[in-house]
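K.L.:
What follows is a predicted protein model with its sequence.
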Amino acid sequence: MLNIGIIGYGTIGEDVAQALLRNEAGRARLKAVLVRDRTKYDLSGPLKNVMTESEDEFFGQNMDIIVECAGHHAVQAYGEKVLDCGADLILVSVGALADEALQKRLMDKAAASGGKMIVPSAAIGGLDRIAAGSLGPMEEVTLTTRKPPKAWYGTLIEQQVDLANLQEPYCAFEGVARDSARLFPESVNVSAALSLAGVGFDRTKVKVYVDPGITHNTHEIEARGKFGQIKLQIQNTPSARNPKTGYIVAMSVIKTIRDASSTFVIGV
């Protein structure tokens, strides 16, 4: 039985925690959840015994896997500590690795500790094919992300355009993945995951649109290389609690946990 910890209890963290409590993640159990303020949550149920504000208590739980669900700052604050305590690290906020120095520190720590950093597919698809294709010459990887206006409130884009009255698609960003991951830390983690699987942050081309004509978060991937060519469009249902993310992100994390203890694994 795997002991699982979760850092953060926002939309994704809650969905992952509840799936673990319902025994939907294979041979795994929720051991601890690290939050800033326990008083914000309903602790009348099983969360009472696992939720803590104490870093020492959390990291002392002898966990096998810790899932980061709390944003780039959490990766910076806790990433090395996760690997130091002997757990594998599942990164949801993978865009944090656009910081080259942070990526190197985490990679070095993982090598020293024998732990793993695991990036689930989350909101994107085709990473298995992109990662396999990157073993041979890969000519180009592009990503076009489109989300409805409600997904961009509270982001930099809200300062660029009148989201409430937008009538046609608005291109908010065109450039490389390193910049998109830094500018939109909650919304374009997909560009970081795609970069790490393929040709890197500085060669992966990204366009980001606010599109009032859609209701789903949409990602279009194109890649060419020795392996052939891939064109893939993904439409994710936005979470009702947080339209910046989709339900599939937590589902992907749960599958990753389930696979870690399974005797049969598909789609890697």
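P.N.:
Sure thing, it's come through. Please read all numbers here as calculations on a predicted model, not as lab measurements.
K.L.:
For G133, see how far away the nearest residue to L156 once chain neighbours are set aside is.
P.N.:
Setting aside the residues directly before and after it, L156 is nearest to L183 in space (CB to CB, 6 or more residues apart in numbering), at 5.8 Å. (C-beta placed from N, C-alpha, C; glycine too.) According to CB to CB, to the nearest Å, L183 stands 27 Å off from G133.
K.L.:
Which helix or which strand is home to the closest residue to Q160 other than its chain neighbours?
P.N.:
Among residues not flanking Q160 along the chain, A172 sits closest, at 6.1 Å (CB to CB, 6+ apart). Applying DSSP states H and E as the criterion places A172 in strand 170-176.
K.L.:
Show me what that strand is in contact with.
P.N.:
By CB atoms under 8 Å, 6 or more residues apart in numbering, the list of residues contacting strand 170-176 from outside reads 152, 156-157, 160-161, 179-180, 183-184, 201-211.
K.L.:
Which parts of this structure belong to which domain?
P.N.:
Split into domains by the TED database, the chain comes to 2-123+247-260, 127-235.
K.L.:
Out of the ones you listed, flag the one nearest V268.
P.N.:
domain 127-235 (6.1 Å; CB to CB).
K.L.:
Mind checking the pLDDT average for the closest one?
P.N.:
Regarding domain 127-235, the rounded mean pLDDT is 92.
K.L.:
Now do the end-to-end distance for it.
P.N.:
Using CA to CA, to the nearest Å, one end of domain 127-235 lies 16 Å from the other.
K.L.:
i'd like the first residue to be 33 from this point on
P.N.:
Fine by me, first position is 33 from now on; the one you just mentioned is domain 159-267.
K.L.:
Quick one: list the elements packing against whichever strand or helix holds I162.
P.N.:
In this structure, I162 sits in helix 159-165 according to DSSP H and E. Helices and strands touching helix 159-165, as assessed by 3 or more CB pairs under 8 Å, 6 or more residues apart in numbering; DSSP states H and E, comprise helix 221-229, strand 249-257, strand 260-268.
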